[in-house]
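Q: Any chance you can model this:
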Amino acid sequence: MTGTADRASATRDDVLLAPATLTQLFFDAVDRHDRPDALQVKRDGRYHPLSHRWLAGRVRHAALGLDALGIARGSRVGILSENRPEWAIADYACLTGGLIDVPLYPTLPAARMEYILRDSGAVAIFVSDEAQARKIASIRSELPDLKWMIGFADAPMVGVDLTLAALEAKGAAAENPDGVARYRTAALRTMPDDLATIIYTSGTTGEPKGVMLSHGNIASNVAAVMSIIPFGAGDVSLSFLPLSHILERMFDFLMFCTGVSIAYVESMDTIVENIGEVRPTFVVSVPRIYEKIHAAVLEKAMSGGAVTRRIFHWARDVGARWAHVRLDGETPGALLAMQYALAQRLVFSKLKARVGGRIRYFVSGGAPLAVEITVFFYAAGLQILEGYGLTESSPVIAVNSPDHFRPGTVGRPIAGVEVTIAPDGEILARGPNIMKGYFNRPDDTRAAIDPDGWLHTGDIGTLQDGFLSITDRKKDLLITAGGKNIAPQPIENQIKQSKFVAEAVLIGDRRRYPVVLVVPDFPQLETWAAAEHIVYSTRHELLEQPAVRTKMEKEVLVGLSGLAKFETPQKVGLLDRPFSIENGELTPTLKVRRQVVNARYESLIASLYAE
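A: I've put the predicted structure just below:
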């Protein structure tokens, strides 16, 4: 590492991981586990198991089919689909066929996909359904390299050249005993340093950059996480974060190679229903899902009678006291243990049942999780292992484990990965998981990875007793006109603890004081407004009502005690529609693009400072 960064860093190099490839992981998992339910998919109203052998055969035929189309090793192939078994078939077919896949978020508009496909030079793309096929068809004339569109559905779709079934039929026709052996031999010749995938970062500013991850990058991350979080063949996971997101994809690789059955969610709208059907033992998610579960439990308790509310508050307080005793490494006293057992029976058991009743671990990543939620779940017997990483680090840099667990932190650096804090507070990481660079962007690569191999994460954090804490994004720090530094994310997370708040964005860079833009949780707000007999015809009219403005300002500010005066927002601006990916305010990983929000609501922001 260059410069004068603090070398009093946390290092977990006690276990050095041998290089491996994703193709080795695939073949080893099929040979070792050979389960009837490697994957699960819901069809005709129920979940159906899909075996390792079924998957291996379809992957082989798809890989041979891609070869029969003349797609050469090293070519880029897009995957545009929601989570489903065909995603895994396409992914493993590319990996075992020596191709480099380029996942695309299914929520992206066609114009954003055009840039990614053109920049990567993709020669083929898998699409899930008619809607996704239409997106690609609308931009195909701008993509001279794109020769093949392959549809997962058997029915004809706009612009699709052949179906996945037809592709596999081509592969099966070319198959013979010698061909099968050659396919596996060629696949296993892949080296750890060979490129596996290019994942385009959503980017909170500017154009997305293609992160080049090798087989060894991702495989090393799988091995490191596997060594600290125990999984086994009796576990079941529910896959619902987009597989175009490196967090879900790496964990699906991890689940597959450890013999965990992977059940795919039907859609993001059926997560709660599917959890009840699958009853998973393991779930990986972003904080928003845990926030919604917490808010739903709180809402149900508050909507009950006075006795129900008192019981809930009592149980929550007992749970928090019990959790802090346990987290301090001590044993709760007899009275607290008895109270906690009663709280479990009256309140926490219902939360466990809500998430299927079998959860051993949750994993959270992608954004900060409020410590209050972590402690609440822990008290309920549902441990959320919060971690940290980037697409550029495959992704995990640090994660809490069952044995080393500290709420409010993102855990300890994983085996083989070094973490240090630069003089300006930026987190730097180095290890076998760090990307090869940005595709077609050597200058950006040099800016991100210094000559000594340290990845500059852009995040601000601290290390204490080996545990890493994230305090903010380096570029998100607000500096007021008075020269005070404000880290917006912790304040925004506090505000979002209210069930009436869906999104909050703190504004205040180079201004006298901060203000906050808030997207209300409209179902909650509209229910409250109906009970208050407030009359309106549009959401804009709803937010103009003085009683509503007073209510939202109270909800926003009530949870901000303890902040310094210069950190506390002085005004609240209400927005009448949610942020969206389509409008450019959110990245595909649901991070807010602050510059876009600042520009789009410039007049509202100006009015808050003018008042």
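Q: secondary structure class for Val307?
A: helix (DSSP: H, G, I helix; E, B strand; the rest coil).
Q: That one: neighbour count?
A: Residues near Val307, counting by other Cβ atoms under 10 Å, number 8. (Each C-beta comes from the backbone N, C-alpha and C, glycine too.)
Q: Show me which parts of the top strand by length along the chain are buried, residue by residue.
A: Using DSSP state E, we find that the single longest strand of the chain is strand 455-464. Within strand 455-464, the residues that qualify as buried are Leu455, His456, Thr457, Asp459, Ile460, Gly461, Leu463, counting by 16 or more other Cβ atoms under 10 Å.
Q: by contact count, what packs against it?
A: Applying 3 or more Cβ pairs under 8 Å, 6 or more residues apart in numbering; DSSP states H and E, we find strand 455-464 packed against strand 6-11, strand 418-421, strand 426-430, helix 442-448, strand 467-473.
Q: now the ones you listed as a markdown table including mean pLDDT, mean neighbour count and distance to Gly319?
A: Below are the helices and strands packed on strand 455-464 laid out as a markdown table (pLDDT from 0 to 100; neighbours: other Cβ atoms under 10 Å; distance: least, Cβ to Cβ, whole Å):
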| stretch | mean pLDDT | mean neighbour count | distance to Gly319 |
| --- | --- | --- | --- |
| strand 6-11 | 40 | 14 | 30 |
| strand 418-421 | 97 | 21 | 32 |
| strand 426-430 | 97 | 24 | 32 |
| helix 442-448 | 95 | 14 | 42 |
| strand 467-473 | 88 | 19 | 23 |
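Q: Any idea which of these gets closest to Ile507?
A: The minimum distance between Ile507 and those falls on strand 467-473, with 15.0 Å, by Cβ to Cβ.
Q: Residues in contact with whatever helix or strand Glu291 lives in: which ones?
A: Using DSSP states H and E, Glu291 sits within helix 287-302. Residues outside helix 287-302 that contact it (Cβ atoms under 8 Å, 6 or more residues apart in numbering) are 271, 308-309, 312, 347, 350-351, 354-355, 362, 364, 366-370, 373, 376-377, 384, 496, 499, 521, 524, 590.
Q: What's the mean pLDDT across it?
A: For helix 287-302, mean pLDDT rounds to 84.
Q: so who does Leu586 touch?
A: For Leu586, the contact set (Cβ under 8 Å, 6+ apart) comprises Phe579, Ser580, Val592, Arg593.
Q: Below-threshold pLDDT in the stretch 101-250 of the chain: ranges please.
A: Applying pLDDT under 70 to the stretch 101-250 of the chain flags residues 202-206.
Q: those strands in it, which residues are they?
A: Remark: strands assigned in the stretch 101-250 of the chain by DSSP state E, counting those that start in this stretch are 124-127, 148-151, 162-163, 195-200, 210-214, 236-239.
Q: still on that earlier bit, now find how far off-centre the helix holding Glu291 is within its chain.
A: Chain-centre distance of helix 287-302: 19 Å, with Cα atoms, centre = their mean, to the nearest Å.
Q: hmm, back to that, tell me the one of the buried residues of strand 455-464 nearest Tyr513?
A: Of those, the one sitting nearest to Tyr513 (Cβ to Cβ) turns out to be Ile460, at 21.9 Å.
Q: just so I know, which of the helices and strands packed on strand 455-464 lies nearest Ala155?
A: Comparing the helices and strands packed on strand 455-464 by Cβ to Cβ, helix 442-448 comes nearest, at 41.6 Å.
Q: my guess is Asp444 meets Gly210, correct?
A: No: at 10.0 Å, Asp444 does not count as touching Gly210 under the criterion of Cβ atoms under 8 Å.
Q: what touches both of these two?
A: Joint contacts of Asp444 and Gly210 (Cβ under 8 Å, 6+ apart) are Tyr438.
Q: and Glu553, what element?
A: Glu553 belongs to helix 546-557 when assigned by DSSP H and E.
Q: Mind listing what's buried along that helix?
A: Within helix 546-557, the residues that count as buried by 16+ other Cβ under 10 Å are Val548, Lys551, Met552, Glu553, Glu555, Val556, Leu557.
Q: Need those residues in TSV (columns: distance to Ser244 and pLDDT).
A: Shown next, in TSV, are these (distance: Cβ to Cβ, whole Å; pLDDT from 0 to 100):
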residue	distance to Ser244	pLDDT
Val548	38	94
Lys551	38	94
Met552	34	93
Glu553	38	91
Glu555	34	90
Val556	33	89
Leu557	37	84
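Q: What spatial separation is found between Ile125 and Asp154?
A: Distance, Ile125 to Asp154, by Cβ to Cβ, to the nearest Å: 18 Å.
Q: Of the two, give the one with the bigger neighbour count.
A: Ranked by neighbour count (other Cβ under 10 Å), Ile125 and Asp154 place Ile125 first, with 29 against 10.
Q: Identify the residues contacting that one.
A: Ile125 is in contact with Val77, Gly78, Ile79, Leu80, Leu117, Ile136, Leu146, Trp148, Met149, Ile150, counting by Cβ under 8 Å, 6+ apart.
Q: Buried ones among the contacts of helix 287-302?
A: For these, buried by 16+ other Cβ under 10 Å: 271, 312, 347, 351, 354-355, 362, 364, 366-370, 373, 376-377, 384, 496, 499, 521, 524, 590.
Q: In helices, which of those residues fall?
A: Members of the buried ones among the contacts of helix 287-302 lying in helices (criterion: DSSP state H): Ile271, Phe312, Leu351, Arg354, Ile373, Phe376, Phe377, Gln524.
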